[in-house]
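[1] model this:
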Amino acid sequence: MTIRVGYFPSNNSLWVLRHRGILERSIPDVEWVDLRSLPAGVRPAPADGLPSLHGDHLFDGGYDFIGTGSTPPVTAQAKGHDIVYAGISGPRHENGRLIVLEDSPIAGLADLKGKRVALAHGSWQTTLLLFALERAGLTWKDIEPVDAGVDAGRLFLNGEVDAWVGSYPSLTSVEKEAATRELVATDGLFSHRSLWFTRRDFAEKHPEEFAAIVAAIKESDAWIQENYREAAELFAADDGGDVDAWENALRKRPFGVLPVTEEFVAEQQRAADLFYANGLIDRKIVVADAVLK
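    Residues are numbered from 1 along each chain as shown. All right, here's what the predicted structure looks like:
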């Protein structure tokens with residue numbers, strides 16, 4: 001049986017695992033599916049809902065297992081898909097945050113009303129931004145979200161957006177060009193974890209393969225922590241980025257696969273409830289239904 005694993009650089013663990021050959025020792029027939037090569041479909045305007053990104057391909061045979069940030073599994077559940085979490089990382093507070101330029105007139109979160117905020121909509125950045133807006137008593141409709149993707153940093157520097165939910169290593173290059181100011185700290189607002197999930201039928205019908213993938217991620221993550229420079233070179237070779245910036249980003253991130261906790265489920269439920277209240281998903285979900293019993 002061929003096991004298809006979806007991977008892309010944003011999930012650092014799976015990206016390194018793809019290049020290390022560790023999983024193939026226990027599952028010889030692995031097909032690695034670069035999520036960037038899958039058709040993304042038409043991305044809706046940010047006010048119209050949450051784009052599925054690559055989540056739907058987990059259910060149309062595109063792959064069997066995936067790692068993402070916090071938002072895609074909520075989106076998948078809202079579409080009626082039967083997912084289960086395989087594990088979570090530790091908090092990644094240093095990975096990204098909501099920023100403005102140092103000389104911006106925006107002094108606090110309440111000042112975001114009516115402003116243009118850049119983000120990769122449908123990723124963890126949507127969750128962080130909604131939590132920040134809620135803290136200020138604002139809603140999604142109070143801002144003008146700009147789904148900018150890889151162009152976000154340049155739009156931010158050019159003054160075409162007022163604020164940006166950025167992440168490293170992209171933030172590194174921006175910080176070299178301009179003085180920035182953190183509008184809200186991620187720590188205390190949002191745990192921002194890496195997540196791994198799959199279909200319930202895959203987890204239940206192929207428990208050995210499921211366990212082997214999780215074990216391989218743990219082994220690969222341990223290697224990253226002992227070889228940050230070599231791991232950084234794998235990312236820089238793909239995007240032509242700076243090895244130092246990638247090494248700095250990797251050193252700040254937690255590695256390892258932790259069990260799903262009640263605290264995590266509660267945070268995901270809060271996010272899902274906010275998505276629904278703000279019209280980004282069209283049905284309420286119960287996050288605990290995605291916890292493998």
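[2] Report the residue ranges of every domain in this structure.
    Domains of the chain are assigned by automatic domain parsing as 3-90+193-290, 93-184.
[3] With mean neighbour count and mean pLDDT as extra columns, can I get the ones you listed in a markdown table?
    Backbone N, C-alpha and C define where each C-beta goes, glycine included. Formatted as a markdown table, these follow (neighbours: other Cβ atoms under 10 Å; pLDDT from 0 to 100):
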| stretch | mean neighbour count | mean pLDDT |
| --- | --- | --- |
| domain 3-90+193-290 | 18 | 88 |
| domain 93-184 | 19 | 91 |
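[4] Correct me if wrong: Phe190 contacts Glu267.
    Yes - if you go by Cβ atoms under 8 Å, Phe190 and Glu267 touch, sitting 7.5 Å apart.
[5] Give the residues shared as contacts by those two.
    Ser70 (Cβ atoms under 8 Å, 6 or more residues apart in numbering).
[6] where along the stretch 1-150 of the chain do the strands fall?
    With DSSP state E, counting those that start in this stretch as the criterion, the stretch 1-150 of the chain has strands at 3-7, 30-34, 65-68, 83-88, 96-101, 116-119, 144-147.
[7] what's the answer for the stretch 151-293 of the chain, then?
    Going by DSSP E, counting those that start in this stretch, the stretch 151-293 of the chain shows strands at 163-167, 180-184, 195-199.
[8] Please compute how far the second one lies from its chain's middle.
    So that's strand 180-184. 20 Å (Cα atoms, centre = their mean, to the nearest Å).
[9] Walk me through which strands that strand pairs with, and which way each runs.
    Neighbouring strands of strand 180-184 in its sheet, by DSSP bridges, are strand 96-101 (antiparallel).
[10] and if you look at the last one?
    Here strand 195-199 is paired, per DSSP bridges, with strand 65-68 (antiparallel), strand 83-88 (antiparallel).
[11] among the ones you listed, which is nearest His206?
    strand 65-68 (9.8 Å; Cβ to Cβ).
[12] which ones are touching the nearest residue to Lys115 once chain neighbours are set aside?
    With Cβ to Cβ, 6 or more residues apart in numbering as the criterion, Lys115 has its nearest non-adjacent residue at 4.0 Å, and that residue is Asp162. By Cβ under 8 Å, 6+ apart, the contact list for Asp162 reads Val100, Ser104, Ile106, Leu112, Lys115, Arg116, Val117.
[13] any chance of the strands paired with strand 195-199 in TSV, plus distance to Leu14?
    Below are the strands paired with strand 195-199 laid out as TSV (distance: least, Cβ to Cβ, whole Å):
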stretch	distance to Leu14
strand 65-68	5
strand 83-88	11
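[14] among these, which is nearest Phe235?
    strand 65-68 (14.8 Å).
[15] now what about that closest one, what contacts it?
    Contacts for strand 65-68 (Cβ under 8 Å, 6+ apart): 3-7, 10-11, 13-14, 35, 53-55, 58, 72, 86, 123-124, 194-198, 202, 210, 213, 217.
[16] what distance separates that strand from the middle of the whole chain?
    10 Å.
[17] Could you do stretch 211-228 as well?
    Distance, centroid of stretch 211-228 to centroid of chain: 19 Å (Cα atoms, centre = their mean).
[18] can you give me the helices for the stretch 1-150 of the chain?
    Along the stretch 1-150 of the chain, the stretches classed as helices by DSSP state H, counting those that start in this stretch are 12-20, 71-78, 124-135.
[19] got JSON lines for those helices, with distance to Ala179 too?
    Formatted as JSON lines, those follow (distance: least, Cβ to Cβ, whole Å):
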{"stretch": "helix 12-20", "distance to Ala179": "28"}
{"stretch": "helix 71-78", "distance to Ala179": "30"}
{"stretch": "helix 124-135", "distance to Ala179": "21"}
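[20] Ok, which of those helices comes nearest Glu144?
    Of all the helices of the stretch 1-150 of the chain, it is helix 124-135 that lies closest to Glu144, at 12.0 Å by Cβ to Cβ.
[21] can you give me the offset of that closest one from its chain's centre?
    13 Å.
[22] That one to strand 163-167, inter-axis angle?
    If you take axes from the mean of the first three to the mean of the last three Cα atoms, to 10 degrees, helix 124-135 sits at 130 degrees to strand 163-167.
[23] Please export the C-alpha coordinates of helix 124-135 as PDB.
    Extracted C-alpha coordinates of helix 124-135, given in PDB (Å, rounded to 0.1, in the frame of the first residue of the first chain):
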ATOM      1  CA  TRP A 124      -2.600  30.100  11.500                       C
ATOM      2  CA  GLN A 125      -2.400  33.900  10.800                       C
ATOM      3  CA  THR A 126      -6.200  34.100  10.600                       C
ATOM      4  CA  THR A 127      -6.500  32.600  14.100                       C
ATOM      5  CA  LEU A 128      -4.000  35.000  15.500                       C
ATOM      6  CA  LEU A 129      -5.700  38.000  13.900                       C
ATOM      7  CA  LEU A 130      -9.100  37.100  15.100                       C
ATOM      8  CA  PHE A 131      -7.900  36.600  18.700                       C
ATOM      9  CA  ALA A 132      -6.300  40.000  18.500                       C
ATOM     10  CA  LEU A 133      -9.400  41.700  17.100                       C
ATOM     11  CA  GLU A 134     -11.500  40.000  19.800                       C
ATOM     12  CA  ARG A 135      -9.200  41.400  22.500                       C
END
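[24] Great, nothing more from me.
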